[in-house]
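**Q** Fold the following for me, if possible:
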Amino acid sequence: MKSVFEARDVTVYKRLIKALGDYSSQYGFTGVDQMFKKAVEAGKKILPKNKEALGILDYIVSDESSSGCVQKLLNTRFTELPAEVRPIAKVGKRKEVAFWEVGDRLGDKVVNLLNLDGKGGGRWVTAEGEKVTLVPLQTEEDKE
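**A** All right, here's what the predicted structure looks like:
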């Protein structure tokens, strides 16, 4: 029998849908049920195409608890993420945490990475809205 490997975005989408669905059924009337409906209607198009943004969502939805996953999704700022997934950009001679911009909306929370409003795309920017490239993060194993 052949094993089938799912694309990373499909795995992230499935875990996101499961967490939102579980949370909606346990805690009604919180607004998460609306997020769940939009996520189901839009399919995996709600996920960003950017690999760093997808990595952040992957980290968030890997929580075993649906409640923990949803709480992290809604309340975690990029500055609060662990160093291995934090979006760091080099701006001039210094490094700073990047923001996520979709259209004219600028955000610094993980939930901003989801395209729930139907607008696709998104990019990493400074607080002033200037496009940036994220600095690749090195782990100790990478340095050896």
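**Q** okay, the closest residue to residue 52 other than its chain neighbours: pLDDT?
**A** Using C-beta to C-beta, 6 or more residues apart in numbering and skipping the chain neighbours, the partner closest in space to residue 52 is residue 134 (5.3 Å). Bear in mind the C-beta positions are built from the backbone N, C-alpha and C, glycine included. Model confidence at residue 134, given as pLDDT, is 93.
**Q** now swap in residue 139 and tell me
**A** Looking at residue 139, the pLDDT reads 46.
**Q** ok, the residue most central in space within the chain - contacts?
**A** Centroid check for the chain by C-alpha atoms, centre = their mean gives residue 57 as the closest residue, at 3.3 Å. By C-beta atoms under 8 Å, 6 or more residues apart in numbering, the contact set of residue 57 is 12, 16, 47-48, 110, 113-114.
**Q** Dump those to a markdown table, plus pLDDT, distance to residue 82 and secondary structure.
**A** Formatted as a markdown table, these follow (pLDDT from 0 to 100; distance: C-beta to C-beta, whole Å; DSSP: H, G, I helix; E, B strand; the rest coil):
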| residue | pLDDT | distance to residue 82 | secondary structure |
| --- | --- | --- | --- |
| 12 | 92 | 17 | helix |
| 16 | 95 | 19 | helix |
| 47 | 92 | 20 | coil |
| 48 | 91 | 19 | coil |
| 110 | 96 | 12 | helix |
| 113 | 95 | 16 | helix |
| 114 | 93 | 20 | coil |
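**Q** Nearest to residue 75 among the residues you listed?
**A** Nearest to residue 75 out of the contacts of residue 57 is residue 110 (C-beta to C-beta; 8.3 Å).
**Q** How about whatever helix or strand residue 40 lives in, which residues are buried there?
**A** Secondary structure assignment for residue 40, by DSSP states H and E: helix 32-42. By neighbour count on 16 or more other C-beta atoms under 10 Å, the buried set for helix 32-42 is 32-33, 35-36, 38-39, 42.
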